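1. could you work out the structure for the sequence below:
(chains A and B)
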2 protein chains.
Amino acid sequence: MSRERVAVAVGDLNGIGIELALRNHRDIKRYIEPIYSIDSTMLRRASYLLNIDIPKDFNIVEKIAEPFKIEAGRITKESGAYSFASFIRAVEMAKAGDVDKIVTLPIHKQAWELAGVEYKGHTDALRDIFQKDAIMMLGVPSMFVALYSEHIPLRYVVNEVKNVKKLSNFLIDLYRNIDLRDGEKIALLALNPHAGDGGVLGNEERFIIEAREIAHRTIRKNIFTFPIVPDVAFTPKIRGRYRYFVALYHDQGLAPLKALHFESAINVSLNLPIKRVSVGHGTAFDIAYRGVELNSQSYINAVKY
Amino acid sequence: MSRERVAVAVGDLNGIGIELALRNHRDIKRYIEPIYSIDSTMLRRASYLLNIDIPKDFNIVEKIAEPFKIEAGRITKESGAYSFASFIRAVEMAKAGDVDKIVTLPIHKQAWELAGVEYKGHTDALRDIFQKDAIMMLGVPSMFVALYSEHIPLRYVVNEVKNVKKLSNFLIDLYRNIDLRDGEKIALLALNPHAGDGGVLGNEERFIIEAREIAHRTIRKNIFTFPIVPDVAFTPKIRGRYRYFVALYHDQGLAPLKALHFESAINVSLNLPIKRVSVGHGTAFDIAYRGVELNSQSYINAVKY
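-> Down below sits the predicted model:
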């Protein structure tokens, strides 16, 4: 079997990413042919600190960025610069056709900020690099949540939802980027409590309904549900009916998802020329380089996806 | 053992409330001495339609409101008027000292509206009747979520959070109305994704922090956490640390709660002269009077509470 070549961006080296990569290397080789976006200097330093031998077939790349001192659990400019460079190298490999897909391990946003990186995260960066409206979708095989708005203050969410053109484009793009089964529907969430309760608790649901209708006309299919009451959408009965959910804002989708599937969720970027998938968790600075048993479910799920 | 006398408001008679009451009567008698806020005419009609005999010790009250034709699963003015009257009678019994507490079965808000009732729900009505800032708290014994704002459009939430005086009063009232164990803390949620990420994703967390400090000064104890990232608050590790959570808006708390505990959650009104507890679910019009096996967990939990 020829496995797909996948670039693995190692994330913030002060976090748990490189440990996940080293510990799970043999396992993930069953699914993919990984090329790790790290250079030999930094790999040796991490391997030494972790006291984990570097596997023989651990393919890496040429120098990525200035080597630096790994400081477990610390937010540093150097580590931010390195994790950004590792990510960019992985993207370049995908653009050049050297790999088919990329998997990203967790970065630390504040470290990126310290390093002068203007992006709030991988998805944001990919959006700019490819000038495409990347869609951020998190989940597990039985339940994926696509986020219409993501890393914005809550106070901006309502205006985003009122942007019917943007919302309908999002719905159309999402539909085109996932494989639905015959007759399968996508659960579309409402914005207000009780979906506005007929207008008593907010009336922005009409914008969602309008966007949904435009999307349906464009794709010539009835795919999205009528806006579902947000606190009911993820109850056992309703979530059993759908694999894909559209959340209008970050916490609307991710709080229930992480309550149910924190350890195993992955993060997928859709609607891009390259395929990128990431672990759902963060850098876990509190347990990095501590010899603590790490939960690899999300990483393994990301690789499988 | 002398059991507490509890008035049970039967909720919307077109829904599942009365069936829950009849089916679980013997069970709940183990915990409380129920007096059902329903009159004999309507009780006989419900019993006939459900084909459930009225237990001999099923204590009821004098005429509540105009009798009407029960129409399973329909939103009607008559049913709304009756469920409101049943609730008010229960409250009066509590005010008069005839009962110690009240348990409410689900009403339908639109039926109340049709009946000209101006309240959006039980909590709202109690707030007006007692002119007190009732606190709405939902949950199960291991995890209760108190809602700072509830039945308001999402677009108003941010302004509510900026009201530091109101928020600090809420925190103080909540603290005074629950029994904390020694050293136990209450999880206080942030408003913005990633708790604002140091201001990059919103800066309203500073109002929350200010309200928290005022509350701590007043109660002379450090009880509330620093604002927790909302989509992390209900992950297994964090929710294992707390029994009580403060959500700033309806779906922030209830979507994760219902994802985890939909069937068994109850709804408690705190900060009132009377104690009121309710089932966490709704009228379930789709399965009312259908002979479907009902899940009584929430009702039983409410009675136990």
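
2. around chain B, which positions in the stretch 101-250 of chain A sit nearby?
-> Listed as neighbours of chain B in the stretch 101-250 of chain A under the rule C-beta under 8 Å from any C-beta of the partner chain: A:109-110, A:113, A:120, A:150-155, A:157-158, A:191-194, A:196-198, A:200-204, A:230-237, A:239, A:249-250. For every residue, glycine as well, the C-beta is placed using N, CA and C.

3. pull out the buried residues from these.
-> A:109-110, A:113, A:120, A:150-155, A:157-158, A:191-194, A:196-197, A:200-202, A:204, A:230-235, A:239, A:249-250 (16 or more other C-beta atoms under 10 Å in any protein chain shown).

4. okay, now the domains of chain A?
-> Listed by automatic domain parsing, the domain ranges of chain A are A:1-132+A:272-305, A:135-268.

5. gap between the last one and the chain center?
-> So the one you mean is domain A:135-268. 16 Å (C-alpha atoms, centre = their mean, to the nearest Å).

6. and it, average pLDDT?
-> For domain A:135-268, the mean per-residue pLDDT is 96.

7. residues in contact with the residue lying closest to A:Met143 once chain neighbours are set aside?
-> Counting by C-beta to C-beta, 6 or more residues apart in numbering or on different chains, A:Met143 lies nearest to A:Arg239, which is 6.0 Å off, once chain neighbours are set aside. Contacts for A:Arg239 (C-beta atoms under 8 Å, 6 or more residues apart in numbering or on different chains) come out as A:Met143, A:Ala187, A:Ala233, A:Phe245, B:Ala259.

8. could you do A:Val61 as well?
-> By C-beta under 8 Å, 6+ apart, the residues touching A:Val61 are A:Ile35, A:Tyr36, A:Ser37, A:Ile38, A:Asp39, A:Arg89, A:Met93.

9. need the max-distance pair from those residues.
-> A:Asp39 and A:Met93 (13.7 Å; C-beta to C-beta).

10. residue contacts, the residue in the stretch 51-200 of chain A that chain B sits nearest to?
-> Proximity of the stretch 51-200 of chain A to chain B (C-beta to the nearest C-beta) peaks at A:Pro153, 2.9 Å away. Residues in contact with A:Pro153, defined by C-beta under 8 Å, 6+ apart, are B:Asn192, B:Pro193, B:Gly196, B:Leu201, B:Gly202, B:Asn203, B:Glu204.

11. quick check: phi and psi at it.
-> phi -60, psi 150 (degrees, to the nearest 10).

12. leaving out the residues flanking it, which one is nearest to it?
-> Here the nearest residue to A:Pro153 in space, its sequence neighbours aside, is B:Gly202; by C-beta to C-beta, 6+ apart that works out to 2.9 Å.

13. run a quick check on that neighbour versus A:Leu154, I expect a contact.
-> Yes. Because the distance of 6.0 Å satisfies C-beta atoms under 8 Å, B:Gly202 is recorded as touching A:Leu154.

14. which residues are in contact with each of these two?
-> B:Leu191, B:Asn192, B:Pro193.

15. which residues are in contact with the residue nearest to A:Asn163 when sequence neighbours are not counted?
-> Leaving aside its sequence neighbours, A:Asn163 sits nearest to A:Phe207 (C-beta to C-beta, 6+ apart; 7.9 Å). Applying C-beta under 8 Å, 6+ apart to A:Phe207 gives the contacts A:Val161, A:Lys162, A:Asn163, A:Val164, A:Leu167.

16. and the residues you listed, which is closest to B:Arg44?
-> A:Val161 (48.8 Å).

17. next, count neighbours for that closest one.
-> A:Val161: 24 surrounding residues under other C-beta atoms under 10 Å in any protein chain shown.

18. hmm, back to that, of the contacts of A:Arg239, which is the nearest to A:Ala302?
-> Taking those together and measuring to A:Ala302 by C-beta to C-beta, the closest member is A:Met143, at 15.5 Å.

19. how near is that closest one to A:Tyr242?
-> 8 Å (C-beta to C-beta, to the nearest Å).
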